[in-house]
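K.L.:
What shape does this take:
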Amino acid sequence: MESEPIEPSEIYKQPELVKKWSTDRILGISAIFVSFMTFLVLIYQTHMIREQQLLSALPYLQTGNMGFNLPNYTLYLKNEGIGPAFIEDIVIKYKGEVYENKDLAHFLINTDDSVDELPNLSYSNVQPGMLIPSGATIGIIEIRDDETSSIKFGEILTKYKSDGYEFKLVYSSIYGEKWKMTSESIAPEKL
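P.N.:
Take a look at the predicted model:
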């Protein structure tokens, strides 16, 4: 049996790579691309919804006073935010000492006997564990219808300040985000 001669061009001939872009292949790759892009959009939307959710429950506490040297004086704490604030911690520094988890009004009244002796004085407790609803104002210390007591209390607060009185109040939103407010801060600082 004689074998047929093999031509040299057949030995070195490489197989042809068939690259056909069939409709099925194009549709498959397009479906994968669209699925991937949909996944990216879903991640972005989830992030945006989470941000909106956190901002919809943002508490914003402020302290202030109204009526210095007037018959009606109020040292207040107000929630200007759109969500409730949970008081987590109160730290008071006074004359070099640190007082943890103290009620603000009780501290002022118990540290200086002359505060407790002021007539027409009322106060509200602000302590860890409290919830301050959105829009609520708490009169920490109030003096009603007594200009002399109001002036005296202003002098007492000035003395506290000169003796190194400072406070730090830590609060959180319903989603667990925390902020710190101090006696020196203009706006709460996110922790």
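K.L.:
contacts and neighbour counts: CA atoms only from here.
P.N.:
OK.
K.L.:
Following the chain onward from the worst-scoring helix or strand of the chain on mean pLDDT, which element is next?
P.N.:
The weakest-scoring helix or strand in the chain, judged by mean pLDDT, DSSP states H and E, is helix 8-11 (a mean of 56). Using DSSP states H and E, the helix or strand that follows helix 8-11 towards the C-terminus is helix 23-55.
K.L.:
after that following helix, next one along is what?
P.N.:
Per DSSP H and E, the first helix or strand lying C-terminal to helix 23-55 is strand 61-66.
K.L.:
Check what contacts that following strand and list those residues.
P.N.:
Defining contact as CA atoms under 8 Å, 6 or more residues apart in numbering, one finds that strand 61-66 is touched by 72-81, 85, 181, 187-188.
K.L.:
Equivalent analysis for stretch 163-174, please.
P.N.:
Contact partners of stretch 163-174, identified using CA under 8 Å, 6+ apart, comprise 57-59, 83-96, 178-184.
K.L.:
thinking again about what came up before, give me the lowest-pLDDT entry from the contacts of strand 61-66.
P.N.:
Within those, the minimum per-residue pLDDT falls on Ala187 (78).
K.L.:
quick revisit: can you tell me which of the contacts of strand 61-66 lies closest to Tyr160?
P.N.:
Checking those against Tyr160 by CA to CA gives Leu75 as the nearest, at 14.0 Å.
K.L.:
what about the closest one, neighbour count?
P.N.:
Here the count is done by other CA atoms under 10 Å, and Leu75 has 18 residues near it.
K.L.:
just checking, it touches Ile143?
P.N.:
No - with contacts counted by CA atoms under 8 Å, Leu75 stays clear of Ile143, the gap being 9.1 Å.
K.L.:
Can you pull out the low-pLDDT segments for this protein?
P.N.:
The model of the chain has pLDDT under 70 over residues 1-20, 54-56.
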